[in-house]
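Enquirer: Give me a 3D structure for the following:
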Amino acid sequence: MSAGTPEPLADLFPGFEAREVETDGAGIFLRTGGMGPPLLLVHGYPQTHVTWHKVAPALSRHFTLVIPDLRGYGQSSVPASDPAHFAYSKRAMANDLVQAMEALGHTRFNLCGHDRGARVSYRLALDHPDRVEKLALLDIVTTLDTWESMDAAAAMKTYHWPFLAQPHPLPETLIAADPVYYLEHTLASWTKTKSLAAFDPRALDHYRAFFAKPERIHACCEDYRAGWTCDREADAADRAAGKRIAAPLLSIWGDAGIPAGGPSPIDVWRNWADDVRGGPVASGHFLCEEAPETASEELLAFFKG
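Expert: Next comes the predicted model:
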C-alpha cells in the first residue's frame, strides 16, 4: 500500500454479507448474517452499524440479523436536506428500514434500536405496527418527553440536543474545525468511565472515518433538527390521538446513561405502550459496547421469551 493511503477499515462482522438496498429516498448499506427469525438492529449517534459488533455473535446464533447504517450515516447515502428537515426525520428513516427489510424478504420482524436508532425504531412501531413483532429500545425515552422534561440538569447532560438543532451552518462549522476531537469527546463523555476504553480501536476507526466527512456532519445535524421539529410534532400528534405501540416493549438503559436520573424510562414508556418491561444495566450510554454480555443476555431473554 502506498504512503499516505489509509488502511481499509476492519470488517467487524466476519461471515456476514454486506449489501446496499435502494429505498424510495436513500441507498441503505447493511450487513446481514445469522440464522432464525429476523432481528433488525439500528444504531445511534455519533456511530454506525459497527456499534453492534460485540453483541452480534451471540444474537446471530438465534436470529437472522439485519444491521444497517441509517441514511446520512456510515456508508449509506446522504439525501439532500430540506427546509422542513423531513429528509432526516425518524419517519423517513423508518420508511427506509421497512423498505430495506421488504427487499430482504422480511415483512414482519423483531426490532432493536439504540439512541437515534431507537427513535427511528419506536416511530417505525407507531407508523407500521403490523411490521414489528417485539421492540427493544436502548437508553432513550421519546423525543417529545425528552424535550418536555428538559431542565437545567438535563440541558447540561444533553447539551447536544439544542446545539446540533441550531440552524445551518453553526454546528456544522464548529464541529468541522476538529471533528475527531468532537467525536471522541462525545463518545467518552457518555460512557460510565468517561473514557474511550470500552470501544474497540477498530470500531473507533469506523466512527472517525464516517464523522470526518462534512456532508455526514450536516446529515447528523439535520437528524437533530428533525428531532426539534417534525419528530417532536409527530410524537405530539400520536399522543393527542391516543396512539400506542402495539408490540411488547423492552426498555433498558445504562445506570450512568443519558436517561438515568430522570423519570424512570419504564414509567415513560407505559404512557406509550401496554406491554413494557426492562430496567437499568451497569453501563453508560453505549450498552452494547460497554456491557455487551449483559446487553446480549437481556436482548436474548426478551426476543426469545
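Enquirer: Go ahead and measure how far the lowest-mean-pLDDT helix or strand in the chain is from the middle of the chain.
Expert: Lowest by mean pLDDT, DSSP states H and E among the helices and strands of the chain is helix 152-157, with a mean of 92. In terms of Cα atoms, centre = their mean, to the nearest Å, the centre of helix 152-157 is found 21 Å from the chain centre.
Enquirer: go on, stretch 29-45?
Expert: 12 Å.
Enquirer: same question, stretch 70-82
Expert: The answer for stretch 70-82 is 14 Å, by Cα atoms, centre = their mean.
Enquirer: Kindly report the same for stretch 293-305.
Expert: 18 Å.
Enquirer: Show me which positions of that stretch end up buried.
Expert: 294-296, 298-300, 302-303 (16 or more other Cβ atoms under 10 Å). C-betas here are computed from N, CA, C, even on glycine.
Enquirer: got it, and stretch 11-21?
Expert: For stretch 11-21, burial by neighbour count (16+ other Cβ under 10 Å) applies to 12-13, 16, 21.
Enquirer: next one: stretch 115-129
Expert: Going by neighbour count (16+ other Cβ under 10 Å), the buried part of stretch 115-129 is 115-128.
Enquirer: Same list (the residues you listed) but as TSV, adding secondary structure.
Expert: Listed next are these as TSV, based on DSSP: H, G, I helix; E, B strand; the rest coil:
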residue	secondary structure
115	coil
116	helix
117	helix
118	helix
119	helix
120	helix
121	helix
122	helix
123	helix
124	helix
125	helix
126	helix
127	helix
128	coil
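Enquirer: can you redo the residues you listed as a markdown table with distance to residue 226?
Expert: Formatted as a markdown table, the buried residues of stretch 115-129 follow (distance: Cβ to Cβ, whole Å):
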| residue | distance to residue 226 |
| --- | --- |
| 115 | 14 |
| 116 | 10 |
| 117 | 14 |
| 118 | 15 |
| 119 | 10 |
| 120 | 11 |
| 121 | 15 |
| 122 | 15 |
| 123 | 11 |
| 124 | 15 |
| 125 | 18 |
| 126 | 16 |
| 127 | 15 |
| 128 | 18 |
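Enquirer: The closest residue to residue 296 other than its chain neighbours - how many residues pack around it?
Expert: Nearest non-adjacent residue to residue 296, counting by Cβ to Cβ, 6 or more residues apart in numbering: residue 58, 4.1 Å away. Neighbour count for residue 58, taken as other Cβ atoms under 10 Å: 16.
Enquirer: Surely residue 58 touches residue 294?
Expert: No - between residue 58 and residue 294 there is no contact, the gap being 11.1 Å when judged by Cβ atoms under 8 Å.
Enquirer: thinking again about what came up before, what separates the residue nearest to residue 296 from residue 298, distance-wise?
Expert: Look at residue 58 and residue 298: by Cβ to Cβ, to the nearest Å, they are 11 Å apart.
Enquirer: Likewise for residue 89?
Expert: Residue 89 is 29 Å from residue 298, by Cβ to Cβ.
Enquirer: just the buried residues of stretch 11-21 now: which is nearest residue 199?
Expert: Using Cβ to Cβ, residue 12 is the member of these that sits closest to residue 199, with 11.6 Å.
Enquirer: and that closest one, that's in a helix?
Expert: No - assigned with three-state DSSP, residue 12 falls outside any helix and is coil.
Enquirer: Which residues are in contact with it?
Expert: By Cβ atoms under 8 Å, 6 or more residues apart in numbering, residue 12 lies in contact with 50, 53, 200, 202-203, 206.
Enquirer: same thing but at 7 Å, please
Expert: For residue 12, the contact set (Cβ atoms under 7 Å, 6 or more residues apart in numbering) comprises 50, 53, 202-203.
Enquirer: can you check residue 214 too?
Expert: residue 176.
Enquirer: Got phi/psi on residue 174?
Expert: phi -70, psi -40 (degrees, to the nearest 10).
Enquirer: list the buried ones in stretch 132-149?
Expert: 132, 134-147.
Enquirer: Summarise which helices and strands whichever helix or strand comes after the least confident helix or strand of the chain is packed against.
Expert: Once the chain leaves helix 152-157, the next helix or strand it forms, by DSSP states H and E, is helix 160-164. Packed against helix 160-164 by the contact rule (3 or more Cβ pairs under 7 Å, 6 or more residues apart in numbering; DSSP states H and E) you find helix 214-228.
Enquirer: ok, for residue 137, nearest residue in space, not its chain neighbours?
Expert: residue 118 (4.3 Å).
Enquirer: got a pLDDT number for that neighbour?
Expert: Here, the pLDDT recorded for residue 118 equals 99.
Enquirer: do you know how far it is from residue 252?
Expert: Taken as Cβ to Cβ, the span from residue 118 to residue 252 is 10 Å.
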